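Peer 1: need the 3D shape of this:
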Amino acid sequence: MRNKRDIFPVLMIFALLAVMSACAKKNVPPPPGYGGAGQEYGQMPGSGGPGMDEAKWRELGINSEAEKREFLEKAKAFENQDVYFDYDSYTLTEPAKKVLDEKVSFLKRYPKVAVSVEGHCDERGTTEYNIALGERRANAAQQYLTSSGSSNLKLTTVSYGKERPVVTGHDEASWAKNRRDHFVLNY
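Peer 2: Presented below is the predicted three-dimensional model:
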């Protein structure tokens, strides 16, 4: 009789552990453009950079070393300048439009470059809601770039919702930095 009483708590602990592990959040692997072995942040596998072959440089319309340095400097600035949104909004603000206008100039200068627009959200709200909001944010930037630039821009969009915060704090300042579109070049 005593053995049955001793086994019951052990079985309950195992059942509880099984339920908790089934509810664990899955880790999402980083996308291309988030670096990796030997890559800088924003550099796509096989993309440009100092090791890019001459044919790829010529395809981009870049021939001299000075043009290469200029392109790499502008590409880094392009990727490091995000567009930010108000809470629960995908409407582009005037500062966001100014940033996007600078990106249009870059894309007109280098029309063979492809861009991935990544929509991000802060941690508030459900995963599903934030994925949808991130998609609307990415689409808003894509539409602005397309309407302001040439129609042959190579733009794709992806939403990461709240899964890839740039800041992990739990306050308004952190949340404001996570409500953004990030831009990744693929050349």
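Peer 1: now the residue most central in space within the chain: how far from residue 53?
Peer 2: With distances taken as C-alpha atoms, centre = their mean, the residue of the chain nearest its centroid is residue 118 (3.8 Å). Note on residue 118: its distance to residue 53, by C-beta to C-beta, to the nearest Å, is 27 Å. Heads up, the C-betas are built off the backbone N, CA and C, glycines and all.
Peer 1: where does this protein dip in pLDDT?
Peer 2: 1-5, 16-51, 150-152 (pLDDT under 70).
Peer 1: tell me which stretches of it form strands.
Peer 2: 83-84, 114-120, 154-161, 180-186 (DSSP state E).
Peer 1: mind putting those into TSV with distance to residue 10?
Peer 2: TSV is the format used below for the strands of the chain (distance: least, C-beta to C-beta, whole Å):
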stretch	distance to residue 10
strand 83-84	52
strand 114-120	44
strand 154-161	39
strand 180-186	48
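Peer 1: quick one: closest of the ones you listed to residue 90.
Peer 2: Proximity to residue 90 (C-beta to C-beta) singles out strand 114-120 among the strands of the chain, at 8.1 Å.
Peer 1: in the sheet, who's paired with the residue lying closest to residue 127 once chain neighbours are set aside?
Peer 2: Counting by C-beta to C-beta, 6 or more residues apart in numbering, residue 161 is the residue found nearest to residue 127 once chain neighbours are left out, at 5.9 Å. Bridge pairing for residue 161 (DSSP bridges) gives the partners residue 120.
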